[in-house]
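got a predicted structure plus its sequence, pasted below:
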Amino acid sequence: MMEQVLLWFFALAALAGGVLMLVLRHPMRVALALISTMLSLAGIYAMLGVHVIAVFQVLIYVGAVMVFMVYAIMLLDVRDPSFTRRYSAYLLPGLAGLAVLAFAFVHAIRGSLPAVEAPAAGGNFNVQQFSVAFLNDYWLYFELTSVLLLAAVVAAIAILKARRGNNG
Amino acid sequence: MMQDLVIRGIYIAYAIGMLMTFGLILTWVERKQAAVMSDRIGANRAYLRIPFTQIKLVWWGLFHGLADGMKMLLKEDFRPVSYDRVAYALGPWVVFSPVLLVFAVIPFGGTLVPAVLFDGSPAIVEWFGDRSYPMQIASLDAGLLVVFAFSGITVIGSMLAGWSSNNKFSMLGAIRSASQMISYEVVMGLTVIGLILIYGSVDLGSIVEQQSGVLLGFLPAWGIFYQPFAAILFMTAAQAENRRIPFDLPEAESELIAGYFTEYSAMKMGLFMFAEFIEIAIIAALFTTLFLGGYNLPFMSDAGFTLPGGHFIALSHGTVVLTQLLVFLVKVFLLCSFQILVRWSLPRFRYDQLLRFAWKFLLPLALANLVVTVVAVWAIRGAGA
């Protein structure tokens, strides 16, 4: 009973945050909507008994990623016209891409949905299990991701440097 | 099920009550201690007069907290024309609520067995059976991570507040606050990793339990004796996180009026202040838990005292519970007082000095401490295995 209510609450909050994120125009409000989605997802993870994942969700996504996003948005000029213009020139291609993506998702999920629902993982997923799995099975993927992020950072700096060079 | 709900409800009420009381009392302690330190009489103007008499209750100025609260509640709630009313209204709450939430994982006592505590009444004994509860609102095994997760949210609140106020001073305060908190969070995290290595756990309850042993035959096995260096670094970084003098650059009144909450008035401003004072208590509670043996006296565990010589003094369950609750409060209060001592002793940094202090002084020291700890733990455990 209690769990059902909480699950509905967090699920609706996550969905509402996601929708608001798409509808709102102002970057700061979009960031706030995204934060509320992340927090609701963390709530759902915690209810599934995987506290570790919930904590990392808050710690990394809200505590690190979103903090830097809000920091950057804070320094933006809020009178920029792109915040008030509703649709960009890529509206139609974007919609077409969305339709294709949605179709692909539905197709993939329909094909692979298990007949019987798997039982929930239970509340035994603790920090120790997480660390063992993380450092034994997933360390390579983790390192690859960080290399990817590093490449992105270097690319961003390269673009900025190139623009500055052109200006002066 | 119902029993769990009752016990947790009592814990939550106790925790919120305790934090609010600390927040209120610390506003008075701050003034009174400043007065004592600078040889003044200090906060003694507010008093209650018993109606129809001339008896005035001064009580060392304790009612100043009451007067403050009344003032904040009754002042005009001034709203500036801001970019974003939602963010402006949200700001104080995003600063205030994570501070309270952090306390959810801090243990304020050992294990409570209601049936043993109330063994005089058969109804209670029967209702609770052999259930036992650690005195901690949420005994999560990711305890320490939860602390860092929640304290990371506070940054967003101060940025929202400063940004949405539509004021250059607020904006500068928000930028300073964010940069400072991000920098010192790194240091704080690194200092704690050494402790995690030694205790082999991030569960705060288990960390406290491991501190009731004996170290080198005569010292209590407290974190501060394992990691004295980390204790100093942690205290420094934690005070910088709380943005108080000497780290109060985000709200430096001689430069930025009041920094990111310049445009806030009445109780909204009060929430920022209250959050700051409660965070003093939270830092004290965390430091107690990590470095000072938590709710236990030296050599004490849930069963009783195990003195260095091997003597064992058993204590009844009621005595243990009461002692632990009391010891925790006393330790937290003394550490709060220490933080206020620091606040009234040191002058403010310059902003570049503040960031340089974090990245070029504290961070290398924290890393060095971590390396030494890793090598020591590896050598000792390796020799044992």
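Done, it's in.

run a quick neighbour tally on the residue in the stretch 251-385 of chain B positioned nearest to chain A.
For the stretch 251-385 of chain B and chain A, the shortest gap (CB to the nearest CB) falls at B:Y260, measuring 10.6 Å. C-beta: built from backbone N, CA, C; applies to glycine. Neighbourhood size, B:Y260 [other CB atoms under 10 Å in any protein chain shown]: 33.

correct me, but it touches B:S165?
Yes: counting by CB atoms under 8 Å, B:Y260 touches B:S165, with 7.3 Å between them.

look through chain A and state the residue closest to chain B.
A:G63 (2.6 Å).

so that residue is in contact with B:V146, correct?
No: A:G63 lies out of contact with B:V146 (CB under 8 Å); the separation is 11.1 Å.

what's the local residue count around A:A11?
14.

so what's it closest to, chain neighbours aside?
Among residues not flanking A:A11 along the chain, A:I44 sits closest, at 6.7 Å (CB to CB, 6 or more residues apart in numbering or on different chains).

which strands and helices sit next to the helix or strand containing the one you found?
Following DSSP states H and E, one finds A:I44 within helix A:27-47. On a contact count with 3 or more CB pairs under 8 Å, 6 or more residues apart in numbering or on different chains; DSSP states H and E, helix A:27-47 meets helix A:2-23, helix A:51-56, helix A:67-74, helix B:85-102, helix B:143-164.

state the distance from the closest residue in space to B:E251 that isn't next to it in sequence to B:W59.
Nearest residue to B:E251, sequence neighbours excluded (CB to CB, 6+ apart): B:G259, at 3.5 Å. Distance of B:G259 to B:W59, given as CB to CB, to the nearest Å: 33 Å.

wait, isn't B:A281 in contact with B:M20?
No: under the criterion of CB under 8 Å, B:A281 is not in contact with B:M20, lying 9.8 Å apart.

neighbour-wise, which of these two wins?
Comparing B:A281 with B:M20 by other CB under 10 Å, the one with more neighbours is B:A281, at 25 against 15.

name the element the more buried one belongs to?
Assessed by DSSP H and E, B:A281 sits inside helix B:266-291.

what comes up buried for that helix?
B:267-291 (16 or more other CB atoms under 10 Å in any protein chain shown).

beyond it, next helix or strand please.
Sequence-wise, the next helix or strand downstream of helix B:266-291 (DSSP H and E) is strand B:304-306.

strands paired with the helix or strand following that following strand, and their directions?
As assigned by DSSP H and E, the chain's next helix or strand after strand B:304-306 is strand B:312-314. Paired neighbours of strand B:312-314 in the sheet (DSSP bridges): strand B:304-306 (antiparallel).

can you give me how far the partner strand is from the chain middle?
Distance of strand B:304-306 from the chain centroid (CA atoms, centre = their mean, to the nearest Å) equals 27 Å.

number of nearby residues for residue 106?
I'll assume chain A. 10.

that's the wrong chain, I meant chain B
27.

OK, contacts around it?
Residues in contact with B:I106, defined by CB atoms under 8 Å, 6 or more residues apart in numbering or on different chains, are B:Q136, B:G143, B:V147, B:L204, B:I282, B:A285, B:L286, B:T289.

chain A - how does it break down into domains?
Under the assignment automatic domain parsing, the domains of chain A span A:2-137, A:138-168.

B:Y88 against B:W163, yeah?
No: contact criterion CB under 8 Å: B:Y88 and B:W163 do not qualify, at 9.1 Å.

and the gap between the residue lying farthest from the centre of chain B and B:A46?
For chain B, the largest distance from the centre (CA atoms, centre = their mean) belongs to B:F52, which lies 42.1 Å off. Per CB to CB, B:F52 is found 20 Å from B:A46.

state the pLDDT value of the residue in the stretch 151-300 of chain B positioned nearest to chain A.
For the stretch 151-300 of chain B, the nearest residue to chain A under the criterion CB to the nearest CB is B:G152, separated by 2.6 Å. Per-residue pLDDT puts B:G152 at 84.

count of residues packed around it?
Applying other CB under 10 Å, we find 21 residues neighbouring B:G152.

now swap in B:G17 and tell me
Neighbourhood size, B:G17 [other CB under 10 Å]: 10.

got a list of what B:G91 touches?
By CB under 8 Å, 6+ apart, the contact list for B:G91 reads B:G157, B:S158, B:L160, B:A161, B:S164, B:Y264, B:K268.

what's the pLDDT at the fifth one?
Among the per-residue scores, B:S164 shows a pLDDT of 84.

mind naming the longest helix for chain A?
The longest helix of chain A (DSSP state H) is helix A:139-167.

any idea of the mean pLDDT in it?
For helix A:139-167, the mean pLDDT works out to 85.

pull out the buried positions in it.
For helix A:139-167, it's none, nothing buried (16+ other CB under 10 Å).

and what of stretch B:216-231?
Using 16+ other CB under 10 Å as the test for burial, stretch B:216-231 gives B:P220, B:A221, B:W222, B:G223, B:I224, B:Y226, B:Q227, B:F229, B:A230, B:A231.

how distant is the helix or strand containing B:A15 from the center of its chain?
Using DSSP H and E, B:A15 sits within helix B:2-37. With CA atoms, centre = their mean as the basis, helix B:2-37 stands 11 Å off its chain's centre.

just want the angle from it to helix B:85-102.
Relative orientation of helix B:2-37 versus helix B:85-102 (axes from the mean of the first three to the mean of the last three CA atoms, to 10 degrees): 100 degrees.

most centrally placed residue in chain A?
Central residue of chain A (CA atoms, centre = their mean): A:M38, 7.0 Å from the mean position.

is it true that that one touches A:Q57?
Yes: A:M38 lies in contact with A:Q57 (CB under 8 Å); the separation is 6.3 Å.

look up the closest residue to A:G43, ignoring the ones flanking it.
Nearest to A:G43 is A:F10, by CB to CB, 6+ apart, at 4.1 Å.

next, count neighbours for that neighbour.
Using other CB under 10 Å, A:F10 is surrounded by 19 other residues.

that one: what's it in contact with?
By CB under 8 Å, 6+ apart, the contact set of A:F10 is A:S40, A:L41, A:G43, A:I44, A:M47.
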